[in-house]
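Undergrad: Below are the sequence and a predicted model; questions follow.
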Amino acid sequence: MGNFVLGIETSCDDTSIALVDRRGNVEAIETVSQYAIHSEFGGVYPELASRAHLEAILPIIESVMAKAKITPLELAGIGVTRGPGLMGSLLVGLSTAQALGMAWSVPVYGVNHLRGHICSVDLEVKRLDYPAIVLLISGGHTLLAHMTNKETYELMGTTRDDSVGECYDKVARTLGLGMPGGPAIDRLAATGEPKIKFPRPMIKSGYEFSFSGLKSSVSRHVETHKDWDVNDVAASFVEACVDVLSSKVLNAILDKKPKILAVVGGVAASPQMRARMQGICDETSVTLCLPPIKWSTDNAGMIAMAAWDYIDKGIVTDLEPSPNLRLDQA
Amino acid sequence: MNMVSLLLQNSSGVMSVGVAHGEKLLFDSMSDINLAGSRNVELYVKAALLNSDKAVADLGCIFVDIGPGGLGATRTTVAFANALGFAKKIPVIGINAFELIGYHVGHLEQKPVVCIRPAARPNHYLGLYEGQNLTDFSYADTQDVQVFIRRHQNTAAFAGKFSFRTDESELEEPWPLPIANVASMASFLQVALKKYQLGNWTMRVFPVTESSIGNVR
Ligand SMILES: [Zn+2]
């Protein structure tokens, strides 16, 4: 068996390719962002996304393999995202992986993108220990998971509408901050006062989330107040998000008594979020695990890492795109 | 051309795969009942090679239908063809679907062929295949398409897929019916052989979309 997995990630708007060994060392990775293509639409435009994946994918594979000086003969497998994600985008990755697997006689593993995010914690350095609570917060997902060991992915709760990252982006647009909204909002929030009492949606109801009401409240506030201060609105919005997420995380910790809290996804870059999660972990004597942000946002390294897990466990999935795949499905 | 080629057609939404050696068709998935209805390209290609007694390593060239047509289906096959060509370092030659159905229907009817398939509403892709060439290819809105159909209705045969929301009973003359929306594998191979002889082989192709052709009408 070869020593490397070729990871292919095309679930949304980034084409990412990586070569990862069994211990999680990333031999080479390249991610091409479609940010410029979609920014004028204010969101990801699916047709353009699939077209851009189709144009980018093979040149990136060629470049990554050349950079790492790894030949197809050295591959243990190809790991490719099979869902959740955009149908057309997933199809490009899956079709490409299938053809490469067939031509190179390498097995292809259809990987759950959400499990990829969790496996990203162990890229380069083994960080995850069990039992663990994982909070995944990004533009595409918001979920809380419990893992008693490497085998079990228990979904505790997810969002009923927008993801937290989506909510950040929409609020940033309302405040005229452009895309991506997260860093800009966090920066302004740092100097603002959280004076405005925005709602904390579903803060008391189990582990499910909802963010669309919060986004609407911010819009309403801006529409109905002439003298709104952008820093204060940002600070109040961030505090509402952090309150909701941290209250659910604290409940999960008290409930499941984990050794580790891992926070992954692009929103994990928020300094306010990091500080609050650190506070909770200090209070409850849980180790906080915040992998580097480059492994937290969508990347093929995490997909290759998850594929190793599929190889080890003998998980075989079909290679049909699965746009609504859940965490508890492989 | 004396080599083994793979032929992939999918833009109508119905996949068909062939394997040929030179001018001889070795396998045609359209005549394989076991494959009917599947959407998995790999399954088709594996069955096609197996039934032709060939391996991936034997392939010298891939021909793939690039539409216009169902964009998701076309993109799936095109991505597969590109990656297979990349991995085996063999040419991937894209063929416009209207050349395929135009040739096919033209051969049957011995007439010029008007090719039409739906694009984003209210547009249609529109082409005229005559003298073994796609002489006119663009997209147009419903009204322009109808004018084009009337202009050619007495002299041409029709291929592709179209329907208009008009009350047929009020029309002086009903709309013509397309004779086929898919080319037979034998027709595909004829078009492919001609393309190959023209040279200009590529390693990667992309599906035809409205933005890649422009509205010239
Ligand atoms: Zn993601």
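TA: Nice, I can see it.

Undergrad: Could you pull out the strands in chain A for me?
TA: Using DSSP state E, the strands of chain A run over residues A:4-9, A:14-21, A:26-33, A:75-83, A:108-112, A:132-137, A:142-147, A:154-158, A:260-264, A:287-289.

Undergrad: The ion contacts on the stretch 101-250 of chain A?
TA: In this structure, the stretch 101-250 of chain A approaches the ion at residues A:Gly140, judged by C-beta under 5 Å from the ion. C-beta here means a position set from N, CA and C on the backbone, and glycine is covered the same way.

Undergrad: which residue packs closest to the residue in the stretch 101-250 of chain A positioned nearest to chain B, ignoring adjacent ones?
TA: At 3.4 Å from chain B, A:Ala103 is the closest residue in the stretch 101-250 of chain A, using C-beta to the nearest C-beta. Using C-beta to C-beta, 6 or more residues apart in numbering or on different chains and skipping the chain neighbours, the partner closest in space to A:Ala103 is B:Ala87 (3.4 Å).

Undergrad: Output the strands of chain A as a markdown table; include the columns mean neighbour count and mean pLDDT.
TA: As requested, these are arranged in a markdown table below (neighbours: other C-beta atoms under 10 Å in any protein chain shown; pLDDT from 0 to 100):
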| stretch | mean neighbour count | mean pLDDT |
| --- | --- | --- |
| strand A:4-9 | 30 | 98 |
| strand A:14-21 | 26 | 97 |
| strand A:26-33 | 18 | 96 |
| strand A:75-83 | 26 | 98 |
| strand A:108-112 | 28 | 98 |
| strand A:132-137 | 25 | 97 |
| strand A:142-147 | 24 | 96 |
| strand A:154-158 | 17 | 96 |
| strand A:260-264 | 24 | 96 |
| strand A:287-289 | 16 | 96 |
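
Undergrad: Wait, a strand at B:Gly69?
TA: No: the assignment for B:Gly69, made by DSSP: H, G, I helix; E, B strand; the rest coil, is coil rather than a strand.

Undergrad: What count of nearby residues applies to it?
TA: Counted with other C-beta atoms under 10 Å in any protein chain shown, residues neighbouring B:Gly69 total 27.

Undergrad: For it, give me phi and psi.
TA: Reported as degrees, to the nearest 10, the phi and psi values for B:Gly69 are phi 160, psi -150.

Undergrad: so who does the single nearest residue of chain B relative to the ion touch?
TA: Distances from chain B to the ion, computed as C-beta to the ion, single out B:Ala79 as the nearest residue at 21.0 Å. When the contact criterion is C-beta atoms under 8 Å, 6 or more residues apart in numbering or on different chains, the partners of B:Ala79 are A:Leu54, A:Ile57, A:Leu91, A:Val92, A:Ser95, A:Thr96, A:Ala99.

Undergrad: residue contacts, the third one?
TA: By that I understand A:Leu91. Residues in contact with A:Leu91, defined by C-beta under 8 Å, 6+ apart, are A:Ser50, A:Pro321, B:Gly72, B:Arg75, B:Thr76, B:Ala79.

Undergrad: Select from those the one having the most neighbours.
TA: Looking at the contacts of A:Leu91 with neighbours defined as other C-beta under 10 Å, the largest count falls to B:Ala79 at 30 neighbours.

Undergrad: So for A:Thr152, what's the pLDDT?
TA: A:Thr152 carries a pLDDT score of 89 in this model.

Undergrad: rewinding a little: which one of the contacts of B:Ala79 sits in the busiest neighbourhood?
TA: Ranked by neighbours (other C-beta under 10 Å), these are led by A:Val92, which has 31 neighbours.

Undergrad: Just the pLDDT at that one, thanks.
TA: Here the pLDDT value assigned to A:Val92 is 97.

Undergrad: do B:Thr135 as well
TA: Confidence per residue is given as pLDDT, and for B:Thr135 that number is 89.

Undergrad: May I have stretch A:177-197 exported as CSV, CA atoms only?
TA: Written as CSV, here are the backbone C-alpha positions of stretch A:177-197 (Å, rounded to 0.1, in the frame of the first residue of the first chain):
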residue,chain,number,x,y,z
LEU,A,177,-18.5,46.0,5.2
GLY,A,178,-18.2,43.7,2.2
MET,A,179,-17.0,40.1,2.0
PRO,A,180,-15.7,38.1,3.8
GLY,A,181,-17.5,39.7,6.7
GLY,A,182,-16.0,37.8,9.7
PRO,A,183,-12.7,39.5,10.2
ALA,A,184,-14.1,43.0,9.6
ILE,A,185,-16.9,42.5,12.1
ASP,A,186,-14.6,41.1,14.7
ARG,A,187,-12.2,44.0,14.2
LEU,A,188,-14.9,46.7,14.6
ALA,A,189,-16.5,44.7,17.5
ALA,A,190,-13.2,45.0,19.4
THR,A,191,-13.6,48.7,19.8
GLY,A,192,-17.4,48.8,20.2
GLU,A,193,-19.7,48.5,23.2
PRO,A,194,-22.2,45.6,23.2
LYS,A,195,-25.0,48.0,24.2
ILE,A,196,-27.7,46.7,21.9
LYS,A,197,-29.6,43.7,23.2
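
Undergrad: So which residue is dead centre in the chain?
TA: Using chain A here. Nearest to the mean C-alpha position of chain A, counting by C-alpha atoms, centre = their mean, stands A:Gly265 at 3.8 Å.

Undergrad: what's the closest residue in space to it that isn't next to it in sequence in contact with, if anything?
TA: Leaving out its chain neighbours, the residue that sits closest to A:Gly265 by C-beta to C-beta, 6+ apart is A:Ser138, at 3.2 Å. For A:Ser138, the contacting residues are A:His117, A:Ser163, A:Val164, A:Gly165, A:Val264, A:Gly265, A:Gly266, A:Val267, A:Ser296, A:Thr297, A:Asp298, by C-beta under 8 Å, 6+ apart.

Undergrad: Show me which of the residues you listed is closest to the ion.
TA: The shortest approach to the ion among these belongs to A:Asp298, at 4.4 Å (C-beta to the ion).

Undergrad: any idea how far the closest residue to that closest one other than its chain neighbours lies from A:Asp161?
TA: With C-beta to C-beta, 6+ apart as the measure, A:Asp14 is the residue that lies nearest to A:Asp298, at 5.3 Å, once sequence neighbours are left out. Separation of A:Asp14 from A:Asp161 (C-beta to C-beta, to the nearest Å): 23 Å.

Undergrad: Can you check what pLDDT the model gives the residue lying farthest from the centre of chain B?
TA: What lies farthest from the middle of chain B is B:Glu170; by C-alpha atoms, centre = their mean that is 33.5 Å. At B:Glu170, the model reports a pLDDT of 73.
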